[in-house]
Structures are given as structure tokens and as C-alpha cells.
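S.K.: Okay, predicted coordinates and the sequence, questions at the end:
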Amino acid sequence: MKTIRLTMAQALLKFLDQQYIAVDGEETKFVRGVMGIFGHGNVTGLGEALEREAGELIFLQGKNEQGMVHAATAYAKQKNRKQIFACTTSIGPGALNMITGAATATVNRIPVLLLPGDNFATRQPDPVLQQLEVPSDYSISANDPFKSVSKFWDRIVRPEQLMSSLLQAMRVLTDPADTGAVTLALPQDVQAEAYDYPTDFFIKRVHRLDRRPPAPQAIERAVQLIVGKKKPLLIAGGGVHYSEATKELLAFAEAFGIPVAETQAGKSAVPWNHPLSVGGVGTTGTLAANRLAAEADLIIGVGTRYSDFTTASKSAFRNENATFLNLNVSSFDSIKMQGEFVTADAREALVALQASLSSEGYRAGYAEDEIQKHKAEWDAEVDRLYALESPEGFTQTQALGIVNRSVGAKGVIVAAAGSLPGDLHRVWRTTEPKTYHMEYGFSCMGYEVSGAFGVALAEPEREVYALLGDGSYLMLHSELVTAIQEGVKLTVVLFDNHGFQCIHNLQRGHGSDSFGNEFRFRSKESGQLNGGYMPIDFAAHARSLGAAAYTARNAAELEQALLQAKAEPGPVLVEIKVLPGTNTDGYESWWNVGVPEVSTDDKVLKAHAEMKTKIQAARPY
């Protein structure tokens, strides 16, 4: 057997450089490169290997460990999980900073490979700088918390362990049903240790993602269920995009006259102006989708994990005869809502189900103009919101309408947290798939700028926009500097509404008063954070980093700023001063949050009573 002597770090990169993925006969190089921030725990091991033995892998310098994981996650998401970046950090705080990013990837079922440095395996220089010491268990390091947020975790304490571990890592990273964050903890001494690795370990490997076909019996059961229903509703989840099944989904809907609603991850699966497209469903859903969901006698979920926002905390489906049919490649998700299921690739399942159902001559039983009436009413409401003006200031929904028109059909928006996901799910109009990139599995504040950088790396030919509030920007904007460094164009559209207004609205909507959610000065009189708003100049901050920046306080200024942003060659920030509280809300939806059963305020007690009534009316499973 031929061997080659390499350090563990060199062998790791050599292996990753030879990994490919094949879907429908099309091969893609699976690992594009490594994002990293160096410290003493990885600079002389993996860092030296990247400097001299990286092969075709590119290296990108991150500015925040969490931020670069978000960027890698967004990249893989936009690539439909066909290509990834790995991320490396030093030990201790550098490693721990990646945990939020790891959880975000895992919750969203997105592959990302994490390579944090770890304590010395020999324990000879003990304790080393940044080492976490647990007296009751000396095997624990700062990397052990990754176990709870990773789909696969391992610590490589001998260089030869790398081989079996990498094969398992690739199994998870390329598995559409079981993917997420993969963490390989790399002790800093073992990274630099050499071993005689078999040369055939580094041959080109093609991981073939054979689409999982549906079982004939499952299709038969699904057909029997559907033919007995008159008002089915399709819900498109993120799996529709990952399976590249948007055309098949629309063909299925058209064949049987079934309206299509979308989750946050599924949005843009169907064009907003298609007669059967009724928009977002659930807590942040449209009036059209929520009314159809309330009346539906069958919910056909395609590639959705049924989050509480999709189901409006299991209150959206009010027809007592409603049942569920779930098409999902993951059995973990396909059994949810106690429904019938077809565990298969979404595209394969839709094609097979359409063929079998067509032979039954099935057609949904909606009245001739029933769906259109709901849709027309909602389209008019969006038009109203896009034109909504206030004498007190610039409304958020009017600003969104202007941004929507400026972005156009091919531009990609990235968002994650605050009031914007609700507004975007309801009113943002998409006509092409993969133009709506929402991280709403974890709703992680700070994903937006990093995610936009990742999307721009994945699709450099598109215009990419990060839509976020001032709260998210303050939490994490560091990868804007990386975009400037790499010459990657993206536009940050920052809605400055003076704080965490989404949670401020939630707080006041459940009986509490305004407390701790706005960016105000502390009042000398009251001692509380209820003084004047803090005058933060975000455009000036962006300019100080090296980005171009513009500020808009009204519709005319915003239209001009967006035109100027398009003309900029590099990253740009557009700051929009919007009136707090002018986001969308309601539309016959609900969200279950804990409201105190005991309080000194009658408003809270009333909100608790209302919440209890709605909980009793929701589905118990």
C-alpha cells in the first residue's frame, strides 16, 4: 500500500479538496474553501497547512467566528446544499463563538463543517491559554458544547483517527435528511503531528445523492386520502427548493386546482402573481393563506418541518375534519402533525403522486372564484400597505414597497429577525425561485449581513440585499468588512426604528408596558430607559468601515439612495429612518407565548385569559 506522510491538518485539507457531490448526474466540487480566524490553537497547524497545502481550496479571513459560520451557512443554503465552506477557529472563546452559528445551520438543515482548535491531546502543557478546565471531567473542553448543536461531532486525538471520522462527517454533510453542522475538534498538537496516510484515501470521491423514491404503497395511501377531500391546501417548505422541485410543485397545484401557501423557507417557490399563489401561511401569513388554511380539510406539506410560525402554534387549521399529508425526505419531519406521510425526495414524491392522482380524475372542490377572491383581497391589501403614508414619519411598509420594486425579479434578499420577517413573509413579492433567503428556523439576529456575504459568494452574478433592523446590525455586522476586503458587492438595507420593535410590539400586545426594548437614553427623572431616542448614524459607521453609505428619510430619498447603491462597485449601506410600529401584524393569525398567570397589572391577567382560551382551541399535537 502506497502512503504519503502528512500532518493531520495537511491530510484534512487534501481530503476535503477531493470531495464532490453528484445530483441528477451533475457533479459539483463539494468544499469550496475554508473561512477562518487564526489563534494559537490553529495557526501553526491548520493555518500552516492552508498556507502551503490548500490545493484548490480558497481561504477567506473571517472577522467574527459566528459571522463567518453564518456566511458559510448562507452560502450552502443558496447553493441548495451542493457546496459548502469549512470554518476554523482557535480554542476557547474562538471556538465557543461558533456555537450560535452551528445551531443556526443545524436547525435549518444546512451543512457546514466546523474545525475548532482544541486542548493539547498530550495534556503536557496543561492548562494552556484559553483552556476550559472542568475538575470533575478532565476530558471536557470548550468544544463539548458543540455536541448539542451538531449532527455529528468528534475529537481527533490521534492523526490516524481522521480517516474514519472524515468519512462519517461526509456522510452527514451530504445527507439531505440528516444534515446540519458537523464539528471536528482538532487538538492543537495533533494538527501538527504526521502520519503515513494511504494515498488512496485522497482519491477523488463523488458522493451521489440518489433521489429517494416514494414507496408505491405510500403513494397509494396518499391518493386514497386526497380523493376524499374537497379543499386541500399545499404548503411549500424549504425542501421544495433543496429538491429543486418548484416546477413540479406548480404543475401539481395546477393539475388539481390546489392553492399554494409558503413557509418562510419555502417562499419564492411559486410566483406571487400566479392564480394559485396565496402567500405566506401561519403567524406571519397572509389573510388569503390563513383563511384558506382555516377552512382546508387537507394540508399537503411539502418539505416543511411545521414550525410554530407555520402552524400558528397549531391553531391555523381549524376545520375539525382537517388531516395532513406530508411529503418529506426526512422521516423525523414527515410524521409531524400526526399526518399520513410519503417519506421521499420532494420532487420524486410530487411526480409520482400527480401521476397516480390524475388517473383518479381528481379535482379540488373549490368554488370557481373562491381562491381568486381571497387572493385579490390580499393583493389589494399589499398595494395599500406599500402606499401607506403617515404624517408622523416614513412607514416601514411603504419603504418595503420601494425596496421591492428596486430589487427587481432577480435580486436576492436576505433576512432573519425582528419585524422584517413578518412583513416580508406577508408583503414581499417574488417571481423567481431562490430570491427570498430567510433564516427563520433560528431567527438569529446578526445573520443578515453575514448571510448576504455568503449569498453573494454563491451567486456573484445577482444583486444581493441584506434587509435588517438596527438591532440586528448592532449585534453583528463584521462580515461587511470581509465583503469589502474581498470586493464582493452587497447592499445592506438598514431599517432604523430605534430598537427591538418586534419584541416591543409583542410585549405591549400581551399586557406589558414599554420596557427595555427601545434604544433610548436612561432618564434621570425616572431612572428607566425611557428618555429620548439615541441618535445613531449608521451610515457614518458604515463609511468608517470602508463601505459607501446613504441615508433616506422619505420615499424620494429612498428611491434615489437605492439607485445610487446600484451604481456603487462595492458594498454599500442604505439607512432608512422608519417610524416605529409601522410593521404588519395580525391577519387572523396567532402565536403562543407565555403570559404570566399572576400579575399586579390587569392588562396582563386579561392577556393570560385570552391566551389560555386560544391554547384550548389549538390542536394538541
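M.R.: Cool, got the structure.
S.K.: count of residues packed around the nearest residue to residue 436 once chain neighbours are set aside?
M.R.: Sequence neighbours aside, residue 268 is the residue nearest to residue 436 in space, at 4.0 Å (criterion: C-beta to C-beta, 6 or more residues apart in numbering). The way it works is simple: take the backbone N, C-alpha and C, and place the C-beta from them, glycine included. Neighbours of residue 268 under the rule other C-beta atoms under 10 Å: 25.
S.K.: Any figure for the gap between residue 268 and residue 437?
M.R.: Using C-beta to C-beta, to the nearest Å, residue 268 is found at 9 Å from residue 437.
S.K.: can you give me the strands for the stretch 1-150 of the chain?
M.R.: In the stretch 1-150 of the chain, the segments counted as strands under DSSP state E, counting those that start in this stretch are 3-7, 19-23, 26-29, 31-36, 58-61, 84-89, 112-118.
S.K.: Show me what the longest one packs onto, helices and strands only.
M.R.: Just to be clear, that refers to strand 112-118. Packed against strand 112-118 by the contact rule (3 or more C-beta pairs under 8 Å, 6 or more residues apart in numbering; DSSP states H and E) you find helix 65-78, strand 84-89, helix 93-96, helix 99-107, strand 181-187, helix 188-191.
S.K.: now the second one
M.R.: Contacts defined by 3+ C-beta pairs under 8 Å, 6+ apart place strand 19-23 against strand 26-29, strand 205-208.
S.K.: which residues touch the residue nearest to residue 436?
M.R.: Applying C-beta atoms under 8 Å, 6 or more residues apart in numbering, one finds that residue 268 lies in contact with 241, 262, 430, 432-436.
S.K.: What residue spans form the domains of the chain?
M.R.: Residue ranges of the domains in the chain are recorded as 3-208, 216-369, 387-498+534-577, according to automatic domain parsing.
S.K.: nearest to residue 611, of these?
M.R.: Closest to residue 611 of the domains of the chain is domain 216-369 (C-beta to C-beta; 10.0 Å).
S.K.: Can you give me the pLDDT of the spatially most central residue of the chain?
M.R.: The chain has residue 439 as the residue nearest its centroid, 2.3 Å off, counting by C-alpha atoms, centre = their mean. Per-residue confidence (pLDDT) for residue 439: 98.
S.K.: That one and residue 74 touch, don't they?
M.R.: Yes: at 7.5 Å, residue 439 counts as touching residue 74 under the criterion of C-beta atoms under 8 Å.
S.K.: shared neighbours of the two, anything?
M.R.: 414, 447, 451.
S.K.: So which of those residues wins on neighbours?
M.R.: If you rank these by neighbour count (other C-beta under 10 Å), residue 447 sits at the top with 35 neighbours.
S.K.: hang on, the earlier thing: to residue 552, which of the helices and strands packed on strand 112-118 lies closest?
M.R.: Of the helices and strands packed on strand 112-118, nearest to residue 552 by C-beta to C-beta is helix 65-78, at 25.6 Å.
S.K.: Could you name the helices and strands sitting against that closest one?
M.R.: strand 31-36, strand 84-89, helix 99-107, strand 112-118, strand 436-438, helix 447-458, helix 479-486.
S.K.: how deep is residue 615 tucked in, by neighbour count?
M.R.: Neighbour tally, residue 615, other C-beta under 10 Å: 14.
S.K.: so who does it touch?
M.R.: Residue 615 sits in contact with residue 592, where contact means C-beta under 8 Å, 6+ apart.
S.K.: Same list (the strands of the stretch 1-150 of the chain) but as CSV, adding mean pLDDT, distance to residue 297 and mean neighbour count.
M.R.: Output for these, formatted as CSV (pLDDT from 0 to 100; distance: least, C-beta to C-beta, whole Å; neighbours: other C-beta atoms under 10 Å):
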stretch, mean pLDDT, distance to residue 297, mean neighbour count
strand 3-7, 98, 61, 16
strand 19-23, 97, 36, 19
strand 26-29, 97, 40, 13
strand 31-36, 98, 46, 25
strand 58-61, 98, 50, 16
strand 84-89, 98, 41, 29
strand 112-118, 98, 40, 29
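S.K.: how about CSV for the ones you listed, with distance to residue 191 added?
M.R.: Converted to CSV, the strands of the stretch 1-150 of the chain look like this (distance: least, C-beta to C-beta, whole Å):
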stretch, distance to residue 191
strand 3-7, 7
strand 19-23, 20
strand 26-29, 24
strand 31-36, 13
strand 58-61, 16
strand 84-89, 10
strand 112-118, 7
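S.K.: Go through these and name the closest to residue 421.
M.R.: Using C-beta to C-beta, the nearest of those to residue 421 is strand 112-118, at 21.5 Å.
S.K.: I'd like to know the phi and psi angles of the closest residue to residue 323 other than its chain neighbours, please.
M.R.: Of all residues not flanking residue 323 in the chain, residue 298 sits nearest, at 5.8 Å (C-beta to C-beta, 6+ apart). Backbone torsions of residue 298, given as degrees, to the nearest 10, read phi -150, psi 130.
S.K.: List the contacts of residue 298.
M.R.: Residue 298 neighbours (C-beta under 8 Å, 6+ apart): 225-226, 229, 231-233, 322-325.
S.K.: Residue 156 now?
M.R.: Going by C-beta under 8 Å, 6+ apart, the list of residues near residue 156 reads 8, 162, 165, 184-187, 190.
S.K.: if we go to 7 Å?
M.R.: 8, 162, 165, 184, 186, 190 (C-beta atoms under 7 Å, 6 or more residues apart in numbering).
S.K.: so which of those residues is the most crowded?
M.R.: Neighbour max across the contacts of residue 156 (other C-beta under 10 Å) = residue 186, 29 neighbours.
S.K.: Beta-bridge partners for it, please?
M.R.: residue 117 (DSSP bridges).
S.K.: thought it was touching residue 119?
M.R.: No: between residue 186 and residue 119 there is no contact under C-beta atoms under 7 Å: 10.5 Å.
S.K.: that older thread, quick one: the domains of the chain as TSV, columns for distance to residue 513 too.
M.R.: Formatted as TSV, the domains of the chain follow (distance: least, C-beta to C-beta, whole Å):
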stretch	distance to residue 513
domain 3-208	30
domain 216-369	23
domain 387-498+534-577	17
